Every structure is written in structure tokens, then in C-alpha cells.
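Enquirer: Next come a sequence and a model predicted from it.
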Amino acid sequence: MRSKFLSVVAVGALLASANALAQEYPAANKTITFVLPYAAGGPTDKAARDLAQSMSKAMGGHSIVIDNAAGASGSIGANKVAKASPDGYTLLFTHIAQATLSSFFRTLPYNVEKDFEYLGLVSENPMNLIGRPSLPSNNMAELVSWINANKGKINIANAGPGSASHLCGMLFQSTLKVDMTSVPYKGTAPAMTDLIGGQVDLMCDQTTTTIPQIEGKKVKSFAVTTSSRLSSPVLKDMPTMQEAGLKDFNVTIWQGLYAPKGTPAAVLKKLNDALKTAVKDPEFIRKQDAGGASVINDARNDPAGHKSFVMSEVTKWAPIIKSAGVYAD
Ligand code: ASP
């Protein structure tokens with residue numbers, strides 16, 4: 001009887017402190033951190049910084065900072081948030097890896113379905129196959145001939161198994177029935193540096209970071225991964241993979257925000273309200289548009305729509321990944 005009474009008191013105290021946290025959230029003296037599981041300067045980092053700026057504006061100028069916790073295909077950063085205090089001050093900004101890493105890794109230290117609160121998706125990103133500037137090929141037909149003539153000698157950079165660049169590169173190889181040496185980095189920013197320097201041959205990356213390098217003639221561009229051409233002035237004449245003969249090739253990735261499981265509902269609501277204001281911010285829209293990305297403005301901006309979409313992506317990618325037989329430990 002006494003212990004039952006004590007547990008009722010304990011639950012009451014917990015609820016009272018959750019309510020107090022929610023009421024004062026975000027506290028003026030506490031910074032919100034977006035944990036970003038890839039290297040600084042890459043496309044996921046760029047999108048996170050754009051969102052942080054617009055969400056900060058929506059939260060009365062509250063400070064939001066980025067913590068680049070890169071490594072292990074993005075799973076180190078995701079795990080950091082899964083284990084963080086559920087107080088709304090440590091959030092995860094990540095992309096399609098949230099749906100693919102569980103199929104690539106034999107074991108992951110967190111559960112994608114159970115360890116996060118889903119806050120909303122914000123953008124969709126096409127990808128782009130690019131190559132080192134010294135490649136002898138200038139279009140997809142020449143690239144495919146060069147690949148076929150150099151089997152066993154070609155390498156392709158990515159941000160680790162399950163990352164967007166890896167998925168795209170994996171589909172490229174399986175469609176061409178060619179194996180390349182995969183070179184993993186902590187994100188595609190350091191991979192881009194090596195591609196420009198000629199240390200690696202090829203990479204798929206989000207258009208948000210390929211466009212400036214193509215414009216600056218630092219890399220060669222061969223195709224976009226969407227089913228139709230993009231409207232970006234830099235890429236509008238770039239063929240799709242399908243036009244270049246790679247049947248059914250279609251990769252678009254997405255990005256969103258997560259909180260640790262157990263974050264109070266009132267805190268989640270404040271964050272979701274800020275996210276929904278941010279995706280309507282003309283500045284956020286302009287920045288995504290300039291990078292060939294599109295801002296999501298549908299039911300996936302809401303926790304339920306976000307979660308059911310990610311779960312459907314887990315189901316979509318699992319057989320594709322399993323059939324490729326690529327695993328990470
Ligand atoms: N673009 C990377 C990927 O391939 C991640 C990044 O560095 O933003 O998943």
C-alpha cells in the first residue's frame with residue numbers, strides 16, 4: 001500500500017517536472033543542438049544549417065548549433081541522440097540513412113522505430129553522378145565504355161554503407177553489373193576534396209553540393225538520379241540515369257529531424273510548430289531550390305506522417321540492400 005502510494009507520488013513528481021520543462025522550453029540559457037552524423041561542409045550539414053537558421057527564427061531567435069558527430073555511416077550521431085536526455089535540447093538531423101542503416105549493419109546500437117520521436121521531414125534531394133576532373137569521359141556513354149574497359153580498377157567514394165552516396169553508387173554498379181572499390185569517408189565533403197584532387201574516380205552526391213563544384217568546373221557531371229530532368233540552371237541539360245540507359249534508376253533522398261524517445265509531448269509540439277514554420281520560410285525554400293532540392297510541404301511534416309513514411313522506406317530498401325549482400329559490422 002505504502003509502496004503503491006510512493007510510486008503514485010513519484011509518477012506525479014515526474015509529470016510535474018516534465019510539465020515545468022515543457023512550459024519553459026526552450027529555456028533562454030540553453031542552446032538546442034542538432035547532431036549531424038556526417039562531416040561539416042557536406043549536403044546534410046548544409047541542409048541542417050539552413051533548417052537551424054529558419055527554426056531559430058521561428059523560435060524567436062533561440063540559439064541552435066550543429067554538432068558534427070560523424071562516423072560509421074551516420075550511426076554514431078544517431079546513437080548519440082537515441083541515448084541523449086529527452087529534453088528537446090539534443091536533436092538528430094539526418095537523411096535516408098535513418099531507413100537504411102538497419103539493413104546494412106548486422107547490429108545497430110539503437111532501434112530506429114522505438115528510440116526516436118519523429119519531428120517531421122523537411123526536404124527531398126536528387127543526387128548526381130560526378131567524376132574526377134581528369135576522367136577521359138565527357139558523357140554517360142563514354143563513361144560506361146571507360147568503366148567497361150577498366151573493370152577492377154575503378155573506385156567510388158561514399159559516406160559509408162547505407163549513406164545516400166553509397167545507395168546510389170551501389171545501384172549504379174548493380175545496374176551496370178560492374179564491381180567498383182568502395183571508398184568510405186565520414187561524409188561526402190572530405191570525399192569531394194579527394195574527387196577534385198583525383199584520388200578517387202566517381203561519386204554520387206546530393207545536388208546541393210555538386211552544383212557549385214560543377215559550376216566551378218572542379219568535377220565532371222554525368223547524370224542526375226531522378227526520373228525526370230531537374231530545373232536547376234546548372235543541371236537542366238544533364239540527362240537522367242534512365243535517359244542514359246540505366247533502366248528504372250531513380251534515387252531521391254529525404255531529410256528530417258528527430259528527438260530522443262520520451263521527449264515531453266508539449267516540447268515536441270513546440271519543435272514541430274517551429275519546423276512547420278521553417279519549411280514555409282522563403283529563405284529556407286530559396287536555399288533548397290538553389291541546390292536542386294525541394295522543400296516538403298505535406299503530411300510528412302507531421303510526426304505521424306514522418307514516421308510512417310520512414311517505416312515504408314525501411315521496407316522498400318531492405319530487400320534491395322539484402323540482395324546486394326553488403327553488410328557492415
Ligand atoms: N551526402 C552524404 C551521403 O552520401 C552525407 C553527407 O556528407 O552529407 O549520405
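Expert: Looks like it came in fine.
Enquirer: for the residue lying closest to S221 once chain neighbours are set aside, phi and psi?
Expert: Among residues not flanking S221 along the chain, I214 sits closest, at 4.8 Å (C-beta to C-beta, 6 or more residues apart in numbering). Glycine gets a C-beta too; all of them are placed from N, C-alpha and C. Dihedral pair for I214: phi -70, psi -40, per degrees, to the nearest 10.
Enquirer: got the contact list for I214?
Expert: By C-beta atoms under 8 Å, 6 or more residues apart in numbering, the contact list for I214 reads 128, 130, 221, 234-235.
Enquirer: Quick check: which ranges of the stretch 201-329 of the chain have low pLDDT?
Expert: Applying pLDDT under 70 to the stretch 201-329 of the chain flags residues 327, 329.
Enquirer: How about the residues of it by the ligand?
Expert: Counting by C-beta under 6 Å from any ligand atom, the stretch 201-329 of the chain comes close to the ligand at 205-206.
Enquirer: In this structure, which strand is the longest?
Expert: In the chain, taking DSSP state E as the definition, the longest strand is strand 116-131.
Enquirer: Would you mind identifying the next helix or strand past it?
Expert: As assigned by DSSP states H and E, the chain's next helix or strand after strand 116-131 is helix 140-149.
Enquirer: Just the CA trace of that following helix, in CSV.
Expert: Only the C-alpha atoms of helix 140-149 are listed here, as CSV (Å, rounded to 0.1, in the frame of the first residue of the first chain):
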residue,chain,number,x,y,z
MET,A,140,27.5,8.8,-69.8
ALA,A,141,28.1,6.8,-73.0
GLU,A,142,31.8,7.5,-72.8
LEU,A,143,31.8,6.8,-69.0
VAL,A,144,30.2,3.4,-69.4
SER,A,145,32.8,2.5,-72.1
TRP,A,146,35.6,3.6,-69.9
ILE,A,147,34.1,1.7,-66.9
ASN,A,148,33.9,-1.5,-69.0
ALA,A,149,37.4,-1.1,-70.2
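Enquirer: what sits up against it?
Expert: Contacting residues not belonging to helix 140-149 are listed as 131, 135-137, 154, 176, 178, 180, 222-223, 239, 241, 244-245 [C-beta under 8 Å, 6+ apart].
Enquirer: what do you get if the cut-off is 6 Å, keeping everything else the same?
Expert: Defining contact as C-beta atoms under 6 Å, 6 or more residues apart in numbering, one finds that helix 140-149 is touched by 136-137, 178, 222-223, 244.
Enquirer: likewise stretch 96-111?
Expert: The contact list for stretch 96-111, computed with C-beta under 6 Å, 6+ apart, reads 73-75, 79, 82, 112, 161-164, 253, 310, 313-314, 317-318, 321, 327-329.
Enquirer: switch the cut-off to 7 Å
Expert: For stretch 96-111, contacts defined as C-beta atoms under 7 Å, 6 or more residues apart in numbering pick out 73-75, 78-79, 82, 112, 161-164, 167, 253-254, 310, 313-314, 317-318, 321-322, 326-329.
Enquirer: ok, now stretch 199-211?
Expert: Residues outside stretch 199-211 that contact it (C-beta under 7 Å, 6+ apart): 42-43, 46-47, 125-132, 135, 154-158, 164-165, 168-169, 172, 183, 188, 191-192, 194-195, 221, 225, 230, 232, 234-235, 253, 291-293.
Enquirer: got the residues of the stretch 1-150 of the chain near the ligand?
Expert: Neighbours of the ligand within the stretch 1-150 of the chain, by C-beta under 6 Å from any ligand atom: 38-39, 42-45.
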